[in-house]
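Q: 3D, please:
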Amino acid sequence: QPFRAGKATLFEGGIRVPMAVRWPGVVKPGITCDEPVIGIDLYPTLLEATQTKLPARVKLDGTSLLPLFGDAEADLFRPAIYWHFPAYLQGYTKRHGPFRTTPCGAIRMGDWKLIEYFEDGTLELYNLADDLGEEQNLAKREAKRTKRMHSMLKAWRRATNAPIPSEKNPKFDPAAYRAAFNR
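A: Numbers count the residues shown, from 1 in each chain. All right, here's what the predicted structure looks like:
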């Protein structure tokens, strides 16, 4: 598998999954579309497909996928898609010790993806067209792009009131946890 990591991470191995659609008369059988989509796109897609009015005072985060169903080459004309994961998941990794992942967020703009780790502010930037396995962190080399994408990610978090853990548990002892976890 060319993807890094797995489920419950913001690397491609955790967020990239195939989507299949069967809708006779609307979606041509056997076509493939490379446009990135995200789970929050399903609700606006179903609203449009069923010609259902958006409930009052509801703001949609996603985008209807119907344009892609009729034309696999269509563009959804959105600048970015976002992920937010403000939690810890167990599972030992080299980077996160006893955790599979730590609180983080990500933004994808075209072939570029930026991941921000909330604990220490680390930023990782990847060009998915050239590095699908996310092995080359380009954050320093592409400093302007990193800054722009990070600004967009922070603005999105503010606009959506996405929570970020603000302090560590002072009673948590990582060394003791690691020792217990590795038994």
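
Q: For the protein, which segments count as strands?
A: 81-85, 89-93, 97-101, 104-109, 112-117, 123-127 (DSSP state E).

Q: Can you lay out those strands as TSV showing distance to Arg158?
A: (C-beta placed from N, C-alpha, C; glycine too.) Putting the strands of the chain into TSV (distance: least, Cβ to Cβ, whole Å) gives the following:
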stretch	distance to Arg158
strand 81-85	12
strand 89-93	25
strand 97-101	23
strand 104-109	12
strand 112-117	14
strand 123-127	18
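
Q: biggest helix in this structure, by residue count?
A: Identified as the longest helix of the chain according to DSSP state H is helix 143-160.

Q: what's it in contact with?
A: 61, 79-80, 82, 84, 105-107, 109, 112, 114, 116, 123, 125, 138-140, 162, 164 (Cβ atoms under 8 Å, 6 or more residues apart in numbering).

Q: change it to 10 Å
A: 59, 61, 79-84, 86, 105-109, 112-116, 121, 123-125, 127, 137-140, 142, 162-164 (Cβ atoms under 10 Å, 6 or more residues apart in numbering).

Q: same thing with stretch 44-64?
A: 21, 23, 26, 37-43, 65-69, 76-78, 81-82, 156, 159-160.

Q: let's go with 7 Å and repeat that
A: 38, 40-43, 65-66, 76, 78 (Cβ atoms under 7 Å, 6 or more residues apart in numbering).

Q: ok, of those, which come out buried?
A: 41, 65-66 (16 or more other Cβ atoms under 10 Å).

Q: mind putting these in CSV, distance to Glu12 and pLDDT included?
A: Below are the buried ones among the contacts of stretch 44-64 laid out as CSV (distance: Cβ to Cβ, whole Å; pLDDT from 0 to 100):
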residue, distance to Glu12, pLDDT
Asp41, 18, 96
Leu65, 20, 96
Leu66, 26, 95
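
Q: Which one of these is nearest to Asn169?
A: Asn169 has its nearest neighbour among the buried ones among the contacts of stretch 44-64 in Asp41, at 35.5 Å by Cβ to Cβ.

Q: Count residues in the vicinity of the closest residue to that closest one other than its chain neighbours, would you?
A: Nearest residue to Asp41, sequence neighbours excluded (Cβ to Cβ, 6 or more residues apart in numbering): Gly62, at 3.9 Å. Residues within reach of Gly62, counting by other Cβ atoms under 10 Å, total 18.

Q: same thing with Asp131?
A: So Asp131, with other Cβ under 10 Å, has 17 neighbours.

Q: just Leu153 next, same as before
A: If we define neighbours as other Cβ under 10 Å, then Leu153 has 23 of them.
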